[in-house]
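Undergrad: okay, sequence plus prediction incoming.
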Amino acid sequence: MAIRSQAPMDQRQADPGGRVLVICSDLFFSTQVANMVRAAGFEAVLEMQAARAAGLLASSCWAGVVVDMETSGLDLAGLIASLGPEPRPRLVAFGPHVHTAKFEAAKEAGCDALLTRGQISSNPQGLRVAILGDRPVAGCKGTCEHHADEASDVPITDLKST
């Protein structure tokens, strides 16, 4: 079941806007990630089942997708292929730092940015920067402002610039 949540207006930062789908089957960490997404100014929609996440992606417009590479039943390459060509939501994948093969597969599949769980836990602003990247939020048609330059020193792996 998808869980929709939105931060009160006073907790949001300046209008990056949009909904972000968080795909993570770890109950504890998924809640943390969803809270970070809300604190970054997005509406967070949490889905703990990979099969349902694919349906949500197909049925709605998303500013970004944050995926735990450890999610049960996840076919990351298939999920990315289902997003279609640019412009598409920015896709951020994360996982334990020791799973280098999964990070390499995510890079090859077309993820926009990669983060370790440690990077997310130690620097929530890094998740916001990873979601926004160097372009406006997908679907904004140039009318929103993105704020990636506010924290350009955040240590993330942005695959579009490598």
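TA: Yep, that arrived. Treat the numbers as computed from the prediction; the structure is a model and nothing was measured.

Undergrad: contacts only, for M36.
TA: 120, 124, 127-128 (CB atoms under 8 Å, 6 or more residues apart in numbering). Using the backbone N, CA and C atoms, a C-beta is placed for each residue, glycine as well.

Undergrad: can we see that at 10 Å?
TA: 20, 22, 42, 44, 66, 120-121, 123-128, 131 (CB atoms under 10 Å, 6 or more residues apart in numbering).

Undergrad: secondary structure of it: a helix, I assume?
TA: Yes - M36: assigned to a helix according to DSSP: H, G, I helix; E, B strand; the rest coil.

Undergrad: check contacts around A51.
TA: Neighbouring residues of A51 by CB under 10 Å, 6+ apart: 72-75.

Undergrad: just the buried residues of the residues you listed.
TA: L74 (16 or more other CB atoms under 10 Å).

Undergrad: need the contacts of A51 in JSON lines (columns: pLDDT and secondary structure).
TA: Below are those laid out as JSON lines (pLDDT from 0 to 100; DSSP: H, G, I helix; E, B strand; the rest coil):
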{"residue": "S72", "pLDDT": "89", "secondary structure": "coil"}
{"residue": "G73", "pLDDT": "90", "secondary structure": "coil"}
{"residue": "L74", "pLDDT": "91", "secondary structure": "coil"}
{"residue": "D75", "pLDDT": "92", "secondary structure": "coil"}
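
Undergrad: so which of the contacts of A51 is the closest to T100?
TA: Nearest to T100 among the contacts of A51 is L74, at 17.2 Å by CB to CB.

Undergrad: now the closest one, what are its backbone angles?
TA: phi -80, psi 130 (degrees, to the nearest 10).
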